[in-house]
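Chemist: need a 3D model of the following:
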Amino acid sequence: MKTTRMLLSASVLSVAVLATDCFAVSDCVYSGVNFSDGALSCQTGQQFRCSDGTWQSLDIPCTAPPPAPTVVNPALCECTPQEVLACTQSGNACCVSMESGSCVKKCCQGQ
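Modeler: Presented below is the predicted three-dimensional model:
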């Protein structure tokens, strides 16, 4: 009886291990980022699909999206107390302006 139980347990365990291996899906990695099975990625101007841990070329040209521009909220573009003090000590005022979406601060003649 013990032998039968041990053989049955071994059979169930081996079927469970085989079933797990049959359904295992691997991720793909590109530029240090994990992509799940079936994901698309633009690499070197070509589209690739992740297929069980391997990148497969789709022979379709693509372009990676450009990085999002950094835009500063103009309301947050203010001189700090230290910048105001530095300009005031030289007889000027701290002036701010927006140039190409960036906050630019400099000392300018006070009014």
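
Chemist: break the chain into its domains for me.
Modeler: Domains of the chain are assigned by automatic domain parsing as 24-66, 74-109.

Chemist: mean pLDDT for those - can I get that in TSV?
Modeler: TSV is the format used below for the domains of the chain (pLDDT from 0 to 100):
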stretch	mean pLDDT
domain 24-66	85
domain 74-109	84
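
Chemist: strands of the chain, start to end?
Modeler: Ranges of strands within the chain are 28-30, 33-35, 40-43, 46-51, 54-61, 92-99, 102-109, based on DSSP state E.

Chemist: show me what counts as buried in the last one.
Modeler: Residues Lys105, Cys107 are the ones in strand 102-109 that count as buried (16 or more other CB atoms under 10 Å). For the C-beta atoms, the positions are set from N, CA and C on the backbone; glycine is no exception.

Chemist: quick one: it to strand 92-99, angle?
Modeler: 150 degrees (axes from the mean of the first three to the mean of the last three CA atoms, to 10 degrees).

Chemist: Gly91 - how many residues pack around it?
Modeler: For Gly91, the count of nearby residues is 9 (other CB atoms under 10 Å).
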